[in-house]
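*Asks:* Curious how this folds, go ahead:
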Amino acid sequence: MKSLLQWYCSFASRWIPRTAGFLFLTAMLGAHAQEHPTIVDVPNQAMFWNSTKMIPVIVGTNPAVAGTWTVSASSSDTTIVPNEAANLFVSGSGTNRLIFVRPTLNRFGKTTIRILALDSLGRQTNDVFTLDVRVTNAPP
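*Replies:* I've put the predicted structure just below:
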């Protein structure tokens, strides 16, 4: 079954001139047609093992539009930071999100964290940063 967007594009390409079709599609989709998902670059991060870090992330520029996006995070080295809700998850709404990171107990090293923003039309973007989980200097 075709989605409304697929049906419209099929219809518009045959019956509506390109300019009028674009204007109609823009009006029909509203702000979603205006703003593609964006993520402000997150710098590389460092944290101590056996702790939790909250990393702020800014997605988009319009809170109403960004609030409809799905934002997720994943780790490249799941022995350091597993891709489980208890270890890595995104919270917040609109343009302001927080990534909560909790490494595996007594694990340290570097991993790459990928943030993905996806809108309802399937458009997506991502940002990648390195997370360095360090050993603390605990007394003996």
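
*Asks:* T104: neighbour count?
*Replies:* T104 has 17 neighbours, counted by other Cβ atoms under 10 Å. (Glycine included, C-beta is placed from N, CA and C.)

*Asks:* surely it meets I80?
*Replies:* Yes - using Cβ atoms under 8 Å, T104 makes contact with I80 at a distance of 6.3 Å.

*Asks:* out of everything not next to it in sequence, what's closest to T136?
*Replies:* Distances taken as Cβ to Cβ, 6 or more residues apart in numbering place F48 nearest to T136, at 4.6 Å, with adjacent residues excluded.

*Asks:* Return the helix or strand in this structure with minimum mean pLDDT.
*Replies:* The least trusted helix or strand in the chain, going by mean pLDDT, DSSP states H and E, turns out to be helix 18-29, with a mean of 47.

*Asks:* Output the contacting helices and strands for whichever helix or strand comes after it.
*Replies:* Per DSSP states H and E, the first helix or strand lying C-terminal to helix 18-29 is strand 45-48. In terms of contacts (3 or more Cβ pairs under 8 Å, 6 or more residues apart in numbering; DSSP states H and E), strand 45-48 is packed against strand 53-58, strand 124-134.

*Asks:* what about the spatially closest residue to T70 that is not a sequence neighbour, neighbour count?
*Replies:* Spatial nearest neighbour of T70, chain neighbours left out: L118 (4.7 Å); criterion: Cβ to Cβ, 6+ apart. Neighbour count of L118, defined by other Cβ under 10 Å: 15.
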